[in-house]
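**Q** Sharing a model that was predicted from the sequence below.
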Amino acid sequence: MGGAAVAGTPEDGHVRCTYQEIHVTIGETAKRIKKEFNPDIMVAIGGGGFFPARVLRTFLKSDSKRNIPIQAIGLSLYEELGDFNGLSGLANEEKIGKEVVRTQWLDFSTLGNKPLLGRRILIVDEVDDSRTTLGYAVTELRKDIDAQLSKIPAEKRAELPKTELAIFVVHNKLKEKRGSIPEDVQYFSGADIEDRWVDYPWEQQDILLHDEIAAKQKAMGL
């Protein structure tokens, strides 16, 4: 997923993304999202999905409508970072946890009397790595949708607009996935990338050094 806060070196094998690059990527993908899905609520998976969701809302905002609400959920998957390299201060490998742990969920009290029903819900995260977390989020949201639908009288259900789910990630790693996404869930990726460790700017303590190394990597073609 993301990298440690230690800066490292241009040759350490990590991919470093800057805020500017991510902002541009989100803006380009937002055009497709608005045309093909046009969400009316976003669910950001913390903490990597928070910044992308906020930027995406800027691009999706319509002059005639209020801001798209952003709900936050917390899901934990990465349990270990592996052995550390004493020279760079960075982990040699990332180990992916097999069990998703829910640490925070939706605040239904802010979403009206039918919180999810009839909505176009966009799940947002920074990276699709194993797909386990995204698959879990879809499954759990659908459980909530079904539970809310069960409280609606049968004769009223047909009157409700269809509830739709979609996913947006800034980066999709091109690798075999452990998790899966149902075919009826639309999927938007800002960029498909190779399977390397990505250091995101919001994870860094020294953002200036992070950007400096990112610039060096770009100049070196890394």
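**A** Great, that's in hand. All figures in this text were calculated on a predicted structure; none of them were measured in a lab.

**Q** Arg57 - that's part of a helix, no?
**A** Yes. Under DSSP: H, G, I helix; E, B strand; the rest coil, Arg57 sits within a helix.

**Q** Just the pLDDT at it, thanks.
**A** On pLDDT, Arg57 comes in at 97.

**Q** Show me where the protein has its strands.
**A** 15-16, 41-46, 70-76, 101-104, 120-128, 164-173, 186-193, 198-199 (DSSP state E).

**Q** most packed of those?
**A** Highest mean neighbour count among the strands of the chain (mean count of other C-beta atoms under 10 Å): strand 120-128, with a mean of 25. C-beta coordinates here come from the backbone N, C-alpha and C atoms, glycine included.

**Q** quick one: it to chain centroid distance?
**A** Once both centres are worked out by C-alpha atoms, centre = their mean, to the nearest Å, strand 120-128 turns out to sit 4 Å from its chain's centre.

**Q** quick check: angle from it to strand 164-173?
**A** 10 degrees (axes from the mean of the first three to the mean of the last three C-alpha atoms, to 10 degrees).

**Q** Need the CA coordinates for strand 120-128. PDB is fine.
**A** Only the C-alpha atoms of strand 120-128 are listed here, as PDB (Å, rounded to 0.1, in the frame of the first residue of the first chain):
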ATOM      1  CA  ARG A 120     -25.100   6.200  -6.200                       C
ATOM      2  CA  ILE A 121     -22.400   5.400  -3.700                       C
ATOM      3  CA  LEU A 122     -18.700   5.800  -4.700                       C
ATOM      4  CA  ILE A 123     -16.100   4.000  -2.600                       C
ATOM      5  CA  VAL A 124     -12.800   5.800  -2.600                       C
ATOM      6  CA  ASP A 125      -9.300   4.500  -1.700                       C
ATOM      7  CA  GLU A 126      -5.800   5.400  -2.700                       C
ATOM      8  CA  VAL A 127      -4.700   2.100  -4.100                       C
ATOM      9  CA  ASP A 128      -6.100  -1.300  -5.200                       C
END
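
**Q** What lies in contact with it?
**A** For strand 120-128, the surrounding residues in contact (C-beta atoms under 8 Å, 6 or more residues apart in numbering) are 1-2, 33, 37-45, 48-49, 51-53, 56, 133-134, 137-138, 141, 163-173, 177, 189, 198, 200.

**Q** and what of stretch 21-34?
**A** With C-beta under 8 Å, 6+ apart, stretch 21-34 has contacts from 39, 51-52, 55-56, 59-60, 122, 166, 168, 170, 188-191, 200-201.

**Q** For Thr18, what are phi and psi?
**A** phi -100, psi 160 (degrees, to the nearest 10).

**Q** So it is in contact with Ala214, correct?
**A** Yes. Counting by C-beta atoms under 8 Å, Ala214 is a contact partner of Thr18 at 5.4 Å.

**Q** So for those two, which residue has more residues nearby?
**A** Between Thr18 and Ala214, counting by other C-beta atoms under 10 Å, Ala214 is the more crowded of the two (21 against 16).

**Q** So what pairs up with the closest residue to that one other than its chain neighbours in the strands?
**A** Nearest in space to Ala214, with sequence neighbours left out and distances taken as C-beta to C-beta, 6 or more residues apart in numbering, is Arg16 at 3.9 Å. Note on Arg16: beta-bridge partners Asp199, judged by DSSP bridges.
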